[in-house]
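> Quick one: sequence and predicted model below, then my questions.
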Amino acid sequence: MDDLSQLIDTNDIQVEVTIRIGRTRLTVAQLSALRGSDVLTLDQPIADGVEICVGDKVVARGELTGDGGPDQRLCVRIIGSAEAP
């Protein structure tokens with residue numbers, strides 16, 4: 001069978017990548033009561049990193065970092081595949 005890249009120009013296929021950093025549950029009343037200085041506590045420790053997803057599928061794990069630029073943009077460093085512990 002031919003390699004996929006020979007059948008389809010994969011350079012033209014775009015996918016949306018989403019970074020998940022944790023979850024929390026709130027009631028609608030709690031959500032509507034949130035203000036600008038409020039902090040939401042998520043369900044995972046910082047050391048657990050983030051999940052890198054395509055659609056609903058976790059494809060890799062990563063950690064938050066900055067790009068070092070003057071605007072200090074938020075970045076994700078890939079640390080392993082989704083199967084890695």
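Great, that's in hand.

> which of the residues in the lengthiest strand in the chain are buried?
Taking DSSP state E as the criterion, the chain has its longest strand at strand 57-66. For strand 57-66, burial by neighbour count (16 or more other Cβ atoms under 10 Å) applies to V58, A60, R61, G62. (Each C-beta comes from the backbone N, C-alpha and C, glycine too.)

> Taking those together, which two end up most distant?
Using Cβ to Cβ, the buried residues of strand 57-66 reach their maximum pairwise distance at V58 and G62, which is 10.6 Å.

> what's downstream of the lowest-mean-pLDDT helix or strand in the chain, the next helix or strand?
Lowest on mean pLDDT, DSSP states H and E among the helices and strands of the chain sits helix 4-7, with a mean of 71. Per DSSP states H and E, the first helix or strand lying C-terminal to helix 4-7 is strand 17-20.

> which intervals of this structure have sub-threshold pLDDT?
The model of the chain has pLDDT under 70 over residues 1-5, 84-85.

> which residue is nearest the centroid of it?
I19 (1.0 Å; Cα atoms, centre = their mean).

> quick one: it and S37, what's the gap?
Separation of I19 from S37 (Cβ to Cβ, to the nearest Å) stands at 24 Å.

> ok, now V76?
V76 is 26 Å from S37, by Cβ to Cβ.

> between the two, which one's more packed in?
Using other Cβ atoms under 10 Å as the criterion, V76 and S37 rank with V76 on top: 18 against 5.

> nearest spatial neighbour of the more buried one, skipping sequence neighbours?
Counting by Cβ to Cβ, 6 or more residues apart in numbering, V76 lies nearest to G62, which is 4.1 Å off, once chain neighbours are set aside.

> With E51 instead?
Nearest non-adjacent residue to E51, counting by Cβ to Cβ, 6+ apart: R20, 4.3 Å away.
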